[in-house]
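[1] Predicted model and sequence follow; I will ask about them next.
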Amino acid sequence: MRDWNRFVQAPEGACFAHMVAPGYSGAGDRFPAIGGMPVSPIANIVGSDGRAATVSELDSSSSRVPHEFSGLEVRDLTTTYGGIVAVREASLSVARGRIVALIGANGAGKTTLLNTICGVVRAASGDVRLDGHSLLGRPTHSVARRGVLMVPEGRQILAPLSVRENLELGRLACHHRAAAAQYDVEKVFTLFPRLRQRADAEGGALSGGEQQMLAIGRALMGGPEVLLLDEPSLGLGPKIVAQVFDALRALNAAGLTILLVEQKAARALDVAHEGYVMERGQIVFTGTAGELRQEPRIVEHYLGGAVP
């Protein structure tokens with residue numbers, strides 16, 4: 001029997017998928033120097049009050065989420081690194097059973113937003129709620145045990161452990177939640193047959209695509225209520241990317257709620273129901289995935305072409 005504490009040095013058996021996520025180093029969010037921040041390519045669609053514009057041109061008051069909202073809510077969240085504001089008054093919602101895409105350029109603050117939701121980074125102000133219950137200020141392992149689990153950028157597989165042992169490690173996030181029983185090793189192997197073939201291989205011996213499958217499987221073993229994914233296509237070939245996104249569709253079809261951060265905006269919007277655009281730490285645009293695919297300014301700056 002493995003002594004997991006040798007591999008997870010975190011309070012009360014924190015979920016490894018959270019604890020190894022890029023944290024204060026700001027991995028994935030490369031902030032330019034103060035005074036040298038680029039102008040947002042779609043900054044002109046931010047409302048005069050600084051809130052995100054929507055395709056339907058709703059004002060901020062009419063688009064607020066009801067108090068009884070079921071799912072994940074981020075409300076006016078601000079996160080700072082020293083004197084730099086990495087996330088500024090960001091608000092978004094992920095309803096139960098939906099996939100929401102968060103797109104934006106490098107350094108926009110997407111990874112920092114995910115890390116703040118998970119408790120890896122502390123917010124300066126605002127709130128994060130799951131089914132109306134605040135998660136803000138909770139330690140990372142507590143957020144994980146509430147069912148908000150992240151697949152971090154870079155995958156963060158434990159190289160000395162086998163595929164099966166990496167998956168078993170994900171169980172640390174289950175705690176006493178009934179929903180956690182819905183995923184087991186066999187279901188992960190069914191979702192990703194390649195992992196079954198590599199079950200006894202060390203994590204460090206896997207290809208990048210296999211490691212991404214393993215990172216997703218490890219999070220699933222924790223029984224997520226909401227699954228956060230940070231750049232799941234990073235460094236992968238087209239065939240593996242297609243397999244990963246097919247798996248996300250299948251998971252969502254089975255009822256899993258997903259918040260997806262992805263630079264491949266077209267791919268993200270193909271799988272998502274709704275989307276948000278982030279620039280310079282702010283949510284500057286929101287709408288359904290179909291609306292974002294048809295919005296000329298989004299197409300020009302993020303989808304690489306003209307509106308079809």
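    On my side now, so go ahead.
[2] which SSE is Leu102 in?
    Assessed by DSSP states H and E, Leu102 sits inside strand 99-103.
[3] Need the contact partners of that strand.
    Applying C-beta atoms under 8 Å, 6 or more residues apart in numbering, the contact partners of strand 99-103 are 92-94, 110, 113, 248, 252, 257-263, 265, 268-269, 271-278, 289, 302. Backbone N, C-alpha and C define where each C-beta goes, glycine included.
[4] Which of those residues fall in helices?
    Of those, the ones assigned to helices by DSSP state H are 110, 113, 248, 252, 265, 268-269, 271, 289.
[5] ranking those by neighbours, who comes first?
    Each of the ones in helices among the contacts of strand 99-103 was scored by neighbours using other C-beta atoms under 10 Å; the highest score is Leu113's, at 31 neighbours.
[6] ok so, going back, strands paired with the strand holding Leu102, and their directions?
    Paired neighbours of strand 99-103 in the sheet (DSSP bridges): strand 257-261 (parallel), strand 274-279 (parallel).
[7] Let me know which of those is the nearest to Ile240.
    Shortest distance between Ile240 and those, using C-beta to C-beta, is found for strand 257-261: 16.3 Å.
[8] Do me a favour and average the pLDDT over the closest one.
    For strand 257-261, the mean per-residue pLDDT is 98.
[9] got a list of contacts for it?
    Surrounding strand 257-261, the residues in contact under the criterion C-beta under 8 Å, 6+ apart are 71-72, 94-103, 110-111, 113-114, 117, 224-232, 248, 251-252, 268, 271-272.
[10] pretty sure Phe192 contacts Ala215?
    No. In this structure Phe192 lies outside contact range of Ala215 using C-beta atoms under 8 Å: 10.6 Å.
[11] These two: who's more crowded?
    Neighbour totals were compared for Phe192 and Ala215, and Ala215 leads with 26 against 23 (other C-beta under 10 Å).
[12] what packs against whichever strand or helix holds the more buried one?
    Using DSSP H and E, Ala215 sits within helix 208-221. Other helices and strands packing on helix 208-221, by 3 or more C-beta pairs under 8 Å, 6 or more residues apart in numbering; DSSP states H and E, are helix 16-19, strand 148-151, helix 163-169, helix 185-191, helix 193-197, strand 226-230, helix 238-253.
[13] What angle do strand 226-230 and that helix make with each other?
    For the pair helix 208-221 and strand 226-230, the angle between their directions (axes from the mean of the first three to the mean of the last three C-alpha atoms, to 10 degrees) equals 160 degrees.
[14] which parts of helix 208-221 are buried?
    By neighbour count, and taking 16 or more other C-beta atoms under 10 Å as the criterion, the buried residues in helix 208-221 are 209-221.
[15] for the stretch 1-150 of the chain, what are the low-confidence residue spans?
    Across the stretch 1-150 of the chain, residues meeting the criterion (pLDDT under 70) sit at 1-68.
[16] where do the helices sit along it?
    Taking DSSP state H, counting those that start in this stretch as the criterion, the stretch 1-150 of the chain contains helices spanning 16-19, 110-118, 140-145.
[17] still on that earlier bit, could you dump the helices and strands packed on helix 208-221 to CSV with distance to Val85?
    Rendered in CSV, the data for those read as follows (distance: least, C-beta to C-beta, whole Å):
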stretch, distance to Val85
helix 16-19, 23
strand 148-151, 22
helix 163-169, 35
helix 185-191, 39
helix 193-197, 40
strand 226-230, 20
helix 238-253, 31
